[in-house]
Structures are given as structure tokens and as C-alpha cells.
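In: any chance you could fold what I've pasted below:
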Amino acid sequence: MVIFRQKLFALSTILFLLAGFLLFPHFGAAQNIGKKKDDLTTIEKKIKESKGKIKETKKKERSIIGEISRMDKAVKKNEKEISYISYKIENTSSSIEDLQGKKKYFEENMEIMETVIEERLVAFYKLGGAGYLPALFSAEDYSDINRRGKYLSAVIEADRQLFQNYQANRDAHAKTIEKLTKKRYELSQFKEEIALKEVKLKKGKEKKKKYLVEVKKKKSSYESALKELEKSKKKLTALIERLTREREKKEKKTRLGHAHTSPGAGGYFSRLRGRLPYPVKGTVLTRYGKGKDPKYNNPIFNKGIEIKAPEGTKFISVAKGEVIYADYFPGYGNLMIIDHGDNYYTVYGHAKSLYKSVGSKVQAKEAIGSVGDTGSLKGACLYFEIRHYTKTTNPVGWLVKK
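Out: Model (predicted):
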């Protein structure tokens with residue numbers, strides 16, 4: 001009996017545990033899932049942090065000159081948009097001025113016609129409301145009736161024409177006001193748009209300025225920028241070599257041989273040594289030749305000079321020639337190359353604007369652009385160099401002594 005009870009108790013215990021397992025089958029699993037979810041959240045967080053670090057590293061590794069180029073192009077795009085909106089504002093303002101003139105013209109005409117109409121109505125009123133009939137019935141004979149009839153017909157026609165002209169002026173005046181209202185609204189929209197663009201432009205310039213300050217602060221970044229500039233110098237030399245080959249190929253096709261087709265051929269430029277004007281008035285920031293950068297004393301070789309001048313100042317071509325390049329060039333910003341004949345070239349960089357395009361003939365001392373800070377690590381200045389074939393030469397030896 002005791003053994004039976006022990007067996008019954010054991011069986012009951014097993015059944016109870018089994019029932020508990022069946023009733024709460026996911027209890028242990030739920031705990032396990034919760035733990036796995038926590039682990040997954042931790043892993044996702046670490047992945048996000050890693051991605052952030054990778055992004056930051058890529059940002060740091062990004063080409064400094066490339067970043068400056070990107071900022072310059074964004075600023076240029078904004079400036080073009082502002083220029084276009086300014087053009088629309090100018091046109092709309094001119095249209096408003098014309099419409100205001102028309103409005104005034106119609107109002108003056110209407111005022112004159114209203115005076116005449118008022119006089120005609122007073123005269124009509126004085127006839128006692130009978131209008132033109134008394135004048136017709138008071139005729140003495142048939143010929144008088146005929147004469148008065150013609151006179152009255154002329155008067156009626158004149159009155160009809162007066163009222164018709166008045167209505168036409170009134171309609172034109174109303175349409176002019178409608179157009180004027182529309183143009184004024186357009187003008188207000190353009191002004192709002194240009195205000196937003198100017199804010200964006202200002203932020204873009206401030207962003208670049210801040211970026212350059214950060215580059216100069218960090219030695220490794222500044223040295224990296226200088227290395228990139230050295231690469232840009234080599235690329236510029238390669239560009240001039242390519243342009244020279246293209247020119248010679250073109251001349252060969254036209255059977256002109258080596259005789260230069262540019263405006264300065266025939267030894268013209270070589271005779272100007274020591275007599276060329278400075279492309280812009282200002283202080284020479286960077287001199288030609290070997291030197292050390294003032295920031296971290298790194299050895300450098302300057303292939304041209306940089307002249308400090310206020311942004312927007314016009315610069316000139318030092319001699320007559322032909323524009324063979326006018327575009328953005330990494331490290332130099334907006335760049336222009338002028339062929340002066342006999343394989344002499346002048347180069348102008350960091351421009352805000354370029355006034356001439358490829359193929360343009362330029363005269364000595366003709367304005368060809370404005371000073372800017374595109375591609376520059378030093379702010380607004382003009383980069384200037386002289387080359388014979390692809391070799392640079394000290395520009396100061398060619399420029400007139402100050």
C-alpha cells in the first residue's frame with residue numbers, strides 16, 4: 001500500500017511538471033529571445049558606430065583640392081542663379097515702369113474725355129430731355145431740315161465716337177492695372193527668391209572659409225593640400241602640352257607650318273620683356289621660384305606669382321593674344337590661358353569671373369576677368385605665370401618695374 005502511494009505521488013509529480021511544461025512551453029524560449037534581441041540591438045548600434053567612423057574617415061581622406069573645387073562650383077552655381085534672377089528683376093522692373101507709363105496715359109485720356117462727356121451731357125440736359133429733335137423740328141423748310149439733319153448726324157457720330165473711345169480707354173486701363181498687379185507680384189517673388197539665394201551664397205562662402213581655416217590649422221591636412229597643388233601644377237603643364245600639340249596639328253592641316261596663327265606671332269611677345277603691365281594692381285603675396293611656405297616651413301617651388309587684390313577687381317591681359325583655355329581647373333580655380341604666339345603663354349588663375357571664352361582674340365590691357373578666391377588657399381588673389389613652351393619663367397622679369 002505504501003509502495004503504491006509512493007508510486008502514485010511520483011506519478012502525480014511527473015504529471016504536474018508535464019502539465020507545467022505544456023501550459024508554459026515558451027517561458028524559457030521567451031527569455032532566450034529577449035536576450036537575443038538585446039544582443040541584436042547592441043550589434044546594430046556597433047554597426048552604426050562603425051559606419052559613422054568609416055564615413056568620417058572617408059571625409060578626412062577626401063581630396064582637399066577636390067573639396068575646394070566642389071565648394072567653388074556650388075558658389076558659382078549660386079552666383080549664376082542670382083545673376084539670372086537679377087536679370088529677371090531688371091526686366092520685370094522695366095515692364096512695371098512701362099505699364100505705369102501706360103496707366104498714366106490712359107488716366108489722362110480718360111480725364112479729358114470725361115470733361116468733354118460732362119459738357120455734352122449738360123448741353124443735352126439743357127435741351128429739356130428732348131435731345132436733338134427740337135433742332136430738327138425748328139427748321140424753316142426742307143433744305144433747312146436736310147442741312148440740320150446732316151449737322152445732327154455729324155454731332156451724333158462724334159458723340160458715339162467719344163463714348164466708344166472712352167470705353168476703349170477704360171478697358172485698356174483695366175487690363176493695364178491687371179498686368180501691373182501681376183508684374184508687381186512676380187517682382188516680389190523674384191526678390192524673395194534672390195534673398196534666399198544670397199543667404200545660401202553667403203553660407204557657402206562662409207563654409208569654404210571655415211574649411212580653409214581648418215585645413216591650415218592641421219599640419220597634415222595643409223601638407224596634403226600642398227602635395228595636391230603640386231599634382232595640379234603637373235596637370236597644368238600637361239594641359240598646355242596638349243593644347244600646344246592641338247594647335248600645331250591644326251596649323252599643319254592648314255599648311256601654315258610653324259608660323260603661329262595667334263595674334264602675337266613673329267617675335268612680338270619676346271620683345272616685351274621688362275615692359276609688360278601688371279595684370280592687376282596689388283601686393284605680391286607669392287614670388288616665383290624656390291621657397292618655403294610661411295605656415296609650416298615646407299619647401300615649395302612656385303611656378304608663378306600671386307597678387308593680392310579685392311574680390312571683383314578687374315584684371316587685364318598683359319599682351320595681345322588668343323584665349324586657348326577658359327574654365328575651372330582644380331588647384332587654380334577659374335583659369336584662363338592666353339596664347340601670345342611663338343609658344344609664349346600667360347596663365348591667370350583664381351578668378352571670380354572670366355570675361356572671355358576659348359577662341360576670343362584679346363588686346364593688350366583688355367579686361368579679361370575679375371579677381372576671386374576660386375581654388376585658392378589664400379583668399380582673393382590673382383595667380384599669374386608666363387610660360388615659353390611648357391617651361392615657366394619668372395614673371396617679374398617681364399613686368400614693368402614698379
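
In: and the residue most central in space within the chain, which of the three is it?
Out: Of all residues in the chain, the one closest to the mean position by CA atoms, centre = their mean is residue 80, 2.4 Å from it. Look at residue 80: counting by DSSP: H, G, I helix; E, B strand; the rest coil, its state is helix.

In: buried set for stretch 195-207?
Out: Buried residues in stretch 195-207, counted by 16 or more other CB atoms under 10 Å: 197, 200-201, 204-205. Heads up, the C-betas are built off the backbone N, CA and C, glycines and all.

In: distance to residue 371 and secondary structure added to those, as TSV?
Out: Formatted as TSV, those follow (distance: CB to CB, whole Å; DSSP: H, G, I helix; E, B strand; the rest coil):
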residue	distance to residue 371	secondary structure
197	22	helix
200	23	helix
201	18	helix
204	18	helix
205	15	helix
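
In: show me where the chain has strands.
Out: 283-286, 289-292, 299-302, 305-308, 314-316, 321-329, 333-341, 344-354, 361-362, 367-371, 381-388, 391-393 (DSSP state E).

In: quick check: mean pLDDT of the longest one?
Out: For strand 344-354, the per-residue pLDDT values average out at 95.

In: likewise for the third one?
Out: pLDDT averaged over strand 299-302 equals 78, rounded to a whole number.

In: may I see the buried residues of it?
Out: Using 16+ other CB under 10 Å as the test for burial, strand 299-302 gives residue 302.

In: each with direction, which strands does that strand pair with?
Out: Strand 299-302 pairs in its sheet with strand 289-292 (antiparallel), by DSSP bridges.

In: residues in contact with the strand it pairs with?
Out: For strand 289-292, contacts defined as CB atoms under 8 Å, 6 or more residues apart in numbering pick out 298-302, 394.

In: again, 10 Å this time
Out: With contact meaning CB atoms under 10 Å, 6 or more residues apart in numbering, strand 289-292 is reached by 298-303, 305, 392, 394, 396.

In: off-centre distance for it?
Out: Centre-to-centre, strand 289-292 and its host chain are 36 Å apart (CA atoms, centre = their mean, to the nearest Å).

In: mind listing the helices for this structure?
Out: Ranges of helices within the chain are 2-23, 27-61, 64-126, 133-137, 142-217, 219-253, based on DSSP state H.

In: tell me the mean pLDDT over the last one?
Out: Just to be clear, that refers to helix 219-253. Per-residue pLDDT values over helix 219-253 give a mean of 80.
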